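Pasted the sequence and its predicted model underneath.
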Amino acid sequence: MRPPLLLFYFLLGMNEGFAASPKPRRSVPFKDMNLKQFKVSKFGGLSSLVVRDDIGQLVLGARGKVLTLSLDDITRKTSEDKWTVSAADKALCKMKGKGTEECDNFIRTLHTTADGKMLVCGTNAFNPACDYMTLTDGKVSLERKPVVGRGKVPFDPFQCFATLMDGNALYTATSSNFLGTEIVFQRQGLNPVKTEMKRSWLNEPTMISLSLVEASKSSPTGEDDQVFLFFTENAVEERRGNVQVSRIARVCKSDLGGKRTLQKKWTSFLKARLDCPFGDVGSPSLVQDVFLHQDPHNWRDGVFYAIFTSNSESSSACSQSAVCAYKLSDVSQVFSGRFLTERDTGSWDTHTGEEPFPHPGSCIDDEMRAKGVMTSLNLSDTALLFVKNHPLMEGVVTPTSGKPLLVQAATQFSKILVDQVTSLDGQRHQIMFIGTDSGWLQKAVRSDGEDGRVIEELQLFQSQQPVKFLQLSTRTGQLYSGTNDAVVQVDVRDCSRYTSCDDCLLARDPYCGWDQIRGRCTSIVGVSALSVIQSLSDGSTRMCPISHLNKEPDVVYLTIGLAQFLQCSPKTNHPIRWHCSGRILYPGPRHILVSQGLIITPSLSDAGLYTCETAEAVKGRVYRQTVIQYLVHIQDSDSALRSMEIAVICLAAFASALTLLIAGFHLKAKKQNHVSCGN
């Protein structure tokens with residue numbers, strides 16, 4: 001028994017002291033989730049998902065069809081339209097060496113256009129095609145006028161890519177050939193431009209995310225809007241080969257390409273390394289997904305929230321994931337800095353020579369317009385040649401606090417979405433929803449001056465599949481998520497899982513507060529601050545009524561020398577601690593502390609009142625809550641056996657006496673009956 005005891009001592013030390021990464025406060029398994037689900041497996045793999053708040057529909061792109069579900073209740077399918085591959089196209093695809101599943105039409109792009117229609121693009125048996133779709137009275141209908149989709153979606157239905165619609169301009173970063181080896185970042189529409197086919201621009205990248213920043217609406221310098229691309233690629237500047245790093249690239253929305261040099265190519269394409277320091281030293285972290293939270297008052301105060309996984313050769317059980325946040329002002333500063341240049345030897349060093357005016361890759365602003373640079377067509381060939389040969393910045397984009405907001409071991413993050421809620425005291429809080437590769441959703445909170453803390457984790461899907469889609473509806477306040485074979489709808493503002501005032505306030509969930517009139521934890525959306533209380537800053541429960549256990553201690557009888565189990569199942573994931581008659585119970589030969597209770601092999605001295613409690617630390621203060629109590633009586637096995645023997649003897653004697661008494665009554669009754677008949 002020694003090894004288990006050593007293990008329990010180690011776990012106790014972690015619970016009482018340092019924790020390497022935040023642990024979800026509460027875990028809710030799938031069977032306990034109050035969510036709505038729509039199974040996708042019956043019609044094929046889910047490949048795209050879009051929330052349409054304007055018409056109250058959830059639009060899904062799947063294998064060979066598009067369908068819509070009601071935002072209010074996704075179990076209700078409202079319409080469907082098929083887009084299958086012809087037999088000839090499928091046969092041609094197979095002839096080129098592709099499998100049966102690959103040679104189908106996976107709808108991978110769904111975008112709402114300026115006129116309310118939707119652009120729909122599918123892989124179409126490795127021959128990408130696009131069509132437009134109308135939604136009338138909740139019904140979808142394809143126009144049946146397909147156009148070439150090359151460069152809009154990848155040929156391969158399982159290859160990563162990024163896409164963004166701005167009005168009627170489509171920004172894409174995807175493969176442009178059958179083999180998937182030519183990756184191009186481009187804008188398609190009225191003024192098409194794309195990246196230069198140079199290794200220094202894009203070097204075997206994996207596309208992750210595209211974000212549009214509306215800069216001009218609040219920029220005092222009249223700076224043009226910007227589009228940001230996040231991806232991973234092999235680092236050209238590293239002396240070692242095939243070193244994967246994370247990148248952030250920027251282009252200007254008004255970029256028209258160059259007049260002679262870089263014709264119909266980006267004149268503003270710049271990229272920099274994106275750093276999120278965690279995991280093994282010297283092993284870069286790889287970006288997986290990004291969400292932009294814009295500030296309506298100043299675009300430079302906007303924040304990118306990005307999730308990363310560790311770039312480690314160790315097993316997945318040892319892998320780590322993290323969330324890092326980046327201010328747009330810090331990103332802009334890096335792109336305004338110095339460049340790296342490639343030497344004849346193949347090494348990359350800081351460029352120390354002169355730079356042309358304006359700063360290469362800059363977006364057009366008022367100062368440039370005043371000097372005659374109205375569009376990128378006015379840029380000199382000298383400036384354009386510099387951009388062509390120097391796309392890589394010297395500076396590194398680092399997180400706001402210099403470290404991740406959140407790090408978790410043995411977890412693979414797959415998607416992130418951020419919501420903002422204003423608490424009852426007027427403070428703004430960011431809620432991070434993080435999907436994992438095992439079908440769970442982590443709900444974390446970021447408040448001013450704090451790192452992220454995970455409030456709870458919810459199992460969205462019964463099977464272990466990566467969370468592929470996360471979207472929030474402003475109309476319903478519901479979160480919609482999808483994996484390969486299912487879609488779920490979950491109320492992220494559900495506060496009913498906090499069953500007491502203490503639990504409600506200690507969670508410090510900005511969505512929730514304790515309703516003093518109704519005596520329950522409720523969503524603060526649309527409620528009066530007079531009747532609902534929150535304590536988000538320090539989690540103080542002093543405003544709560546004094547709580548007591550609802551029942552007397554459970555009375556149990558334990559036998560000396562026989563191992564028995566006392567269960568303790570708290571509603572939170574916080575560490576538990578046991579007390580015996582007021583003293584802390586530590587692991588030992590007779591007491592084994594496990595996550596769900598206590599294994600005790602008692603002696604006569606172990607009788608007493610056992611209390612199981614949780615401890616939750618908030619801002620340096622520890623709050624303890626009693627989960628269950630046991631009043632333990634100890635009995636000797638020999639004494640118990642003797643007591644049982646005596647009880648059996650007494651019971652037998654009582655039975656014999658009772659038999660004789662009943663026989664006497666019967667005999668007396670017979671005599672009385674005989675006398676009566678004689679008379």
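All right, it came through fine.

what's near enough to touch Phe231?
Ala162, Ala173, Leu202, Pro205, Thr206, Met207, Ile208, Ser246, Arg247, Ala249, Val287 (CB atoms under 8 Å, 6 or more residues apart in numbering). For glycine as for every other residue, the C-beta is placed from the backbone atoms N, C-alpha and C.

For the first one, give its distance to Thr134.
Ala162 sits 26 Å away from Thr134 when distances are taken as CB to CB, to the nearest Å.

So the two - more neighbours on which side?
The residue with more neighbours, out of Ala162 and Thr134, is Ala162; 20 against 13, by other CB atoms under 10 Å.

my guess is the more buried one contacts Met207, does it?
Yes. In this structure, Ala162 is within contact of Met207 by CB atoms under 8 Å, at 4.3 Å.

Need the overlap of contacts for the two.
With CB under 8 Å, 6+ apart, Ala162 and Met207 have common neighbours Ala173, Thr174, Leu229, Phe231.

Narrow these to those in helices?
Among the shared contacts of Ala162 and Met207, no residue falls in helices (DSSP state H).

Make JSON lines out of those residues and add pLDDT and distance to Asp502.
Below are those laid out as JSON lines (pLDDT from 0 to 100; distance: CB to CB, whole Å):
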{"residue": "Ala173", "pLDDT": "94", "distance to Asp502": "49"}
{"residue": "Thr174", "pLDDT": "94", "distance to Asp502": "51"}
{"residue": "Leu229", "pLDDT": "95", "distance to Asp502": "46"}
{"residue": "Phe231", "pLDDT": "95", "distance to Asp502": "46"}
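
what's the closest of those to Asp81?
Distance to Asp81 across those (CB to CB) is lowest for Thr174, with 24.2 Å.

which residues sit in contact with the closest one?
Neighbour list for Thr174: Gly151, Lys152, Val153, Pro154, Gln159, Phe161, Ala162, Thr163, Ile183, Val184, Met207 [criterion: CB under 8 Å, 6+ apart].

would you turn the contacts of Phe231 into TSV with secondary structure and distance to Ser523?
Converted to TSV, the contacts of Phe231 look like this (DSSP: H, G, I helix; E, B strand; the rest coil; distance: CB to CB, whole Å):
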residue	secondary structure	distance to Ser523
Ala162	strand	34
Ala173	strand	38
Leu202	coil	45
Pro205	coil	42
Thr206	strand	39
Met207	strand	37
Ile208	strand	33
Ser246	strand	36
Arg247	strand	39
Ala249	strand	40
Val287	strand	33
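
Make a markdown table from these and add distance to Thr611 to it.
Formatted as a markdown table, the contacts of Phe231 follow (distance: CB to CB, whole Å):
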| residue | distance to Thr611 |
| --- | --- |
| Ala162 | 54 |
| Ala173 | 58 |
| Leu202 | 62 |
| Pro205 | 57 |
| Thr206 | 53 |
| Met207 | 55 |
| Ile208 | 50 |
| Ser246 | 49 |
| Arg247 | 54 |
| Ala249 | 58 |
| Val287 | 47 |
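
out of those residues, who's nearest Ser473?
Closest to Ser473, out of all of those and judged by CB to CB, is Ala162, at 22.5 Å.

can you tell me which strand in the protein is longest?
As assigned by DSSP state E, the longest strand anywhere in the chain is strand 621-635.

Who are the packing partners of that strand?
On a contact count with 3 or more CB pairs under 8 Å, 6 or more residues apart in numbering; DSSP states H and E, strand 621-635 meets helix 501-507, strand 554-559, strand 564-567, strand 608-618.

winner for burial among the ones you listed?
Burial of those is given as mean neighbour count (mean count of other CB atoms under 10 Å); helix 501-507 ranks first at a mean of 23.

where does Ala88 land in three-state SS?
When classified by DSSP: H, G, I helix; E, B strand; the rest coil, Ala88 comes out as helix.

how near is it to Pro157?
In terms of CB to CB, Ala88 sits 19 Å off from Pro157.

where exactly do the helices run in this protein?
Using DSSP H, helices in the chain cover 2-16, 87-95, 328-335, 366-370, 381-389, 501-507, 637-678.

and the third one, which residues are buried?
Using 16 or more other CB atoms under 10 Å as the test for burial, helix 328-335 gives Leu328, Asp330, Val331, Ser332, Val334, Phe335.

ditto for the second one
Burial within helix 87-95, assessed by neighbour count using 16+ other CB under 10 Å, is assigned to Asp89, Lys90, Leu92, Cys93.

Now distance to Gly222 too, for the shared contacts of Ala162 and Met207, in CSV please.
As requested, those are arranged in CSV below (distance: CB to CB, whole Å):
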residue, distance to Gly222
Ala173, 28
Thr174, 32
Leu229, 24
Phe231, 29
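
Can you tell me which of those comes closest to Glu80?
Taking CB to CB as the measure, Thr174 is the one of these closest to Glu80, at 26.7 Å.

any idea how far Leu202 is from that closest one?
To Leu202, Thr174 is 11 Å away according to CB to CB.

what touches both of the two?
Ile183, Val184.

what's the burial count for Lys194?
By other CB under 10 Å, 19 other residues sit near Lys194.

Find the residue closest to it in space, skipping its chain neighbours.
Gln186 (3.4 Å; CB to CB, 6 or more residues apart in numbering).

Can you tell me who that neighbour pairs with across the strands?
Thr172, Lys194 (DSSP bridges).

show me the contacts for it.
Listed by CB under 8 Å, 6+ apart, the contact partners of Gln186 are Gly151, Tyr171, Thr172, Ala173, Pro192, Val193, Lys194, Thr195.

What are the neighbouring residues in contact with the residue lying closest to Gln534 once chain neighbours are set aside?
Distances taken as CB to CB, 6+ apart place Gly513 nearest to Gln534, at 4.4 Å, with adjacent residues excluded. Residues in contact with Gly513 (CB under 8 Å, 6+ apart) are Leu424, Cys495, Cys504, Cys521, Thr522, Ile524, Val527, Val532, Ile533, Gln534.

6 Å instead?
Contacts for Gly513 were tallied using CB atoms under 6 Å, 6 or more residues apart in numbering; they are Ile524, Val532, Ile533, Gln534.

Which two of the residues you listed have the greatest separation?
Ile524 and Ile533 (10.0 Å).

Neighbour count: these two, which is higher?
Neighbours of Ile524 and Ile533, each counted by other CB under 10 Å, are more numerous for Ile524; the result is 22 against 18.

State the pLDDT value of that one.
As predicted, Ile524 sits at a pLDDT of 92.

Excluding residues flanking it in the chain, which one is nearest it?
Nearest to Ile524 is Gly513, by CB to CB, 6+ apart, at 4.8 Å.

quick one on the thing from earlier: for the contacts of Thr174, which one is nearest Lys571?
Using CB to CB, Ala162 comes nearest to Lys571 of the contacts of Thr174, at 40.2 Å.

surely the closest one meets Tyr171?
No. Counting by CB atoms under 6 Å, Ala162 stays clear of Tyr171, with 8.1 Å between them.

so where's the stretch 551-679 of the chain shaky on pLDDT?
Within the stretch 551-679 of the chain, the stretches with pLDDT under 70 are 551, 637-679.
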